[in-house]
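# Kindly return the folded structure for what I paste below:
(one chain, ligands or ions: 1)
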Amino acid sequence: MFIDCDGVQLHVELEKPADAAERMPLTILIHGFTGHMEERHILAVKDALLAAGHAVLRAEMYGHGQSGGDFTHHTLYKWLTNAMAVIDYARSLDFVSGLYLCGHSQGGLTVALAGGMEHDRLDGLILLSPALMIPELARKGELLGLQFDPQHIPDVLDAWDGRKLEGNYARVAQTIHVEEAIDAYPGPVLVVHGDEDEAVPVRYGREAAERYRNAELVLIPGDTHCYDHHLEAVTDAVTAWALKQKNTRA
Ligand code: FER
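Numbering: from 1, shown residues only. Below you'll find the model as predicted:
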């Protein structure tokens, strides 16, 4: 199905656990930069949340998957606005007893930002290898493995897979201060990160887990950005953490 976000249609998929009760917590699950809702690690995390009794709403952001908008024109503001629209939709569902956000990489950055803005509406956040360095890299002129003058951002940036990204992506990213969003979120947070992540250095996951007031950090030894080696360690951590939240609230 699709959720309207100011005229852009966002593709989402809602699933409930097989043995669903009348009411249950719901987690919104967001992919990363160039990603989509059918990626192996997104499907595995979805199943891990279902196993913990959560309904899961996978959502594709602007310019990704089957959602509207062109990849070239996507920015973190658009993704953040999309996340807010999906949160509004989730809050309108009467079976939802608690609301969680989970995101991988740039989706994890989006979750951290939305968490700060909607801290009073969200019962917990799951950050999977969160790309929290994007704003800092944009301010240094180092996104996408490119070097550019951060004071004179080019009109077009060439993504590593040959796709093009507007310089506006970097202009937006430069304005974002992740620390403020982290400091604004008092609730429980799970951070999962492979310690051989080639795209997002593991220190960003570590530092976020230290900065949040109420975070648990699960490092996956020897694993990559998309958990090529130990995906089951990620899903075990997600299921265990989600079950623990349920137990805490009961
Ligand atoms: C970058 C490094 C990583 C970047 C984006 C990412 C836009 C995001 C990765 C992901 O979401 O998987 O330089 O620039």
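
# Please make it C-alpha for all contacts and neighbour counts, starting now.
Will do.

# buried set for the longest helix anywhere in the chain?
Taking DSSP state H as the criterion, the chain has its longest helix at helix 231-249. Residues of helix 231-249 classed as buried: 231, 233-235, 237-239, 241-243, 245 (neighbour count, 16 or more other CA atoms under 10 Å).

# How far off centre is that helix?
Put simply, helix 231-249 sits 17 Å off its chain's centre (CA atoms, centre = their mean, to the nearest Å).

# go on, stretch 171-187?
Its chain's C-alpha centre and that of stretch 171-187 lie 14 Å apart, by CA atoms, centre = their mean.

# With only the CA atoms kept, save it in PDB.
Extracted C-alpha coordinates of stretch 171-187, given in PDB (Å, rounded to 0.1, in the frame of the first residue of the first chain):
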ATOM      1  CA  ARG A 171      23.600  21.300   1.400                       C
ATOM      2  CA  VAL A 172      20.800  19.800   3.500                       C
ATOM      3  CA  ALA A 173      23.200  17.300   5.200                       C
ATOM      4  CA  GLN A 174      25.500  20.200   6.300                       C
ATOM      5  CA  THR A 175      22.700  21.700   8.400                       C
ATOM      6  CA  ILE A 176      22.000  18.600  10.500                       C
ATOM      7  CA  HIS A 177      23.400  18.100  14.000                       C
ATOM      8  CA  VAL A 178      23.000  14.500  15.100                       C
ATOM      9  CA  GLU A 179      24.100  15.200  18.700                       C
ATOM     10  CA  GLU A 180      21.100  17.400  19.300                       C
ATOM     11  CA  ALA A 181      18.700  14.700  18.100                       C
ATOM     12  CA  ILE A 182      20.400  12.100  20.300                       C
ATOM     13  CA  ASP A 183      20.300  14.400  23.400                       C
ATOM     14  CA  ALA A 184      16.600  15.000  22.800                       C
ATOM     15  CA  TYR A 185      15.700  11.300  23.000                       C
ATOM     16  CA  PRO A 186      15.400   9.800  26.500                       C
ATOM     17  CA  GLY A 187      13.800   6.500  25.700                       C
END
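
# Give me the residues contacting it.
The contact list for stretch 171-187 (CA atoms under 8 Å, 6 or more residues apart in numbering) reads 75-77, 109, 112-117, 119, 122-125, 132, 134-136, 138-139, 153, 208, 211-214.

# ok, now with 6 Å
With contact meaning CA atoms under 6 Å, 6 or more residues apart in numbering, stretch 171-187 is reached by 113, 116, 119, 124, 135, 138-139, 212-213.

# which one of these sits closest to the ligand?
residue 138 (8.0 Å; CA to the nearest ligand atom).

# The closest one and residue 168 touch, don't they?
No. The pair residue 138 / residue 168 is not scored as a contact, 10.6 Å apart, by CA atoms under 6 Å.

# the more surrounded of the two?
residue 138 (24 against 19; other CA atoms under 10 Å).
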